[in-house]
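Asker: fold the following and give me the result.
(one chain, ligands or ions: 2)
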Amino acid sequence: MTATTQQAVIIAIAGASASGKSLIAQSIYRKLRKDFGPDEIGVISEDRYYRDQSHLPMEQRALTNYDHPCAMEHELLAEHLRTLQQGNTVHLPNYSYSQHTRVAETTEFKPKKVIILEGILLLNNAEVRDIMHTGVYMDTPLDICFLRRLQRDVQERGRSMESVIKQYQETVRPMFLQFIEPSKQYADLIVPRGGKNKIAIDLLAARIRQFLKT
Ligand SMILES: Nc1ncnc2c1ncn2[C@@H]1O[C@H](COP(=O)(O)OP(=O)(O)O)[C@@H](O)[C@H]1O
Ligand SMILES: O=c1ccn([C@@H]2O[C@H](COP(=O)(O)O)[C@@H](O)[C@H]2O)c(=O)[nH]1
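Answerer: Ligands and ions are numbered 1, 2, ... in the order given. Coordinates of the predicted model:
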């Protein structure tokens, strides 16, 4: 793709932690990748843009509020999205949840026709909102999100049950109420229940298919 070709269509999926953002994004991607291939469509997680904290000792990293907008480098995300829309390749940061910081290696990401973004605070950020074409909000009940997060973070993110519960009470839930839930007002589409909502997956995939065919 060159700077003169069509701008990438950016679909952003936001909502609470463990509301099913990643699952729905991957389900749509897998459905479309079969017909269009990885050069046409890709997924970027907002979590990649958690700030680098390698200059901080581990005990201090564990105290960061990861659910506050300041924890994310949204300005870099917006810059990368603009670069991709101009038809240029970017190098996405990679983030380690267990180390609470970025790792040295980056991942090359070439321009695509459609980019699915997924992350808790995407609809909260005005700069990112200006770049996206469609905003989706995953409206999964918070108690369900908490149970899924507890299971996932213990199994996949190297966390203890106690630390997940403490973090949920101190930052995850309050920041959800302050920043994430109010950002629902900016969504074009609200998806109830979670990442296995088949009708929502089919509708979004059909809409994206139209963009990919043009
Ligand atoms: N509708 C659903 N039914 C059952 N499990 C689900 C559903 N939606 C998501 N999950 C599971 O919940 C966990 C969190 O989902 P995930 O997509 O990682 O959330 P997010 O990206 O919003 O943090 C994952 O283990 C996922 O497989
Ligand atoms: O070092 C970190 C970075 C992030 N988190 C938590 O992750 C979620 C966002 O990711 P989801 O995939 O949407 O769940 C956020 O709620 C942070 O609290 C973390 O615990 N540690």
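Asker: separation between residue 21 and residue 128?
Answerer: According to C-beta to C-beta, to the nearest Å, residue 21 stands 14 Å off from residue 128. (Each C-beta comes from the backbone N, C-alpha and C, glycine too.)
Asker: and these two? which has more neighbours close in?
Answerer: residue 21 (30 against 25; other C-beta atoms under 10 Å).
Asker: phi, psi for that one please.
Answerer: Residue 21 adopts backbone torsions of phi -60, psi -50, taken as degrees, to the nearest 10.
Asker: skipping its backbone neighbours, what lies nearest it in space?
Answerer: Spatially, and ignoring its direct neighbours in sequence, residue 21 is nearest to residue 118 (4.2 Å; C-beta to C-beta, 6 or more residues apart in numbering).
Asker: same deal with residue 69?
Answerer: Of all residues not flanking residue 69 in the chain, residue 121 sits nearest, at 5.4 Å (C-beta to C-beta, 6+ apart).
Asker: is it true that that neighbour touches residue 15?
Answerer: No. Judged on C-beta atoms under 8 Å, residue 121 makes no contact with residue 15 at a distance of 10.2 Å.
Asker: okay, and the common contacts of these two?
Answerer: Common neighbours of residue 121 and residue 15, using C-beta atoms under 8 Å, 6 or more residues apart in numbering, are residue 180.
Asker: counting neighbours, go ahead and name the busier of those two.
Answerer: When neighbours are counted by other C-beta under 10 Å, residue 15 comes out ahead of the other of residue 121 and residue 15, with 30 against 20.
Asker: which of the three states applies to the residue lying closest to that one once chain neighbours are set aside?
Answerer: Closest residue to residue 15 apart from its sequence neighbours, by C-beta to C-beta, 6+ apart: residue 138 at 3.1 Å. Under DSSP: H, G, I helix; E, B strand; the rest coil, the three-state class of residue 138 is strand.
Asker: residue contacts, residue 138?
Answerer: Neighbours of residue 138 in contact, by C-beta under 8 Å, 6+ apart: 13-16, 19-21, 24, 191, 194-195.
Asker: rerun that using 6 Å as the cut-off
Answerer: Residue 138 makes contacts with 15, 19-21, 191, as judged by C-beta atoms under 6 Å, 6 or more residues apart in numbering.
Asker: can you give me the helices in the protein?
Answerer: Using DSSP state H, the helices found in the chain span residues 21-36, 58-61, 74-85, 126-131, 142-156, 161-167, 173-175, 198-213.
Asker: around ligand 1, which positions in this protein sit nearby?
Answerer: 17-23, 148, 152, 193-196 (C-beta under 6 Å from any ligand atom).
Asker: go with 5 Å
Answerer: 17-23, 148, 152, 194-196 (C-beta under 5 Å from any ligand atom).
Asker: which of those residues lies closest to residue 170?
Answerer: Of all these, residue 170 sits closest to residue 17, with 13.7 Å by C-beta to C-beta.
Asker: circling back: quick one: which of the residues of the chain next to ligand 1 is nearest residue 35?
Answerer: Residue 35 lies nearest to residue 23 out of these, by C-beta to C-beta, at 20.4 Å.
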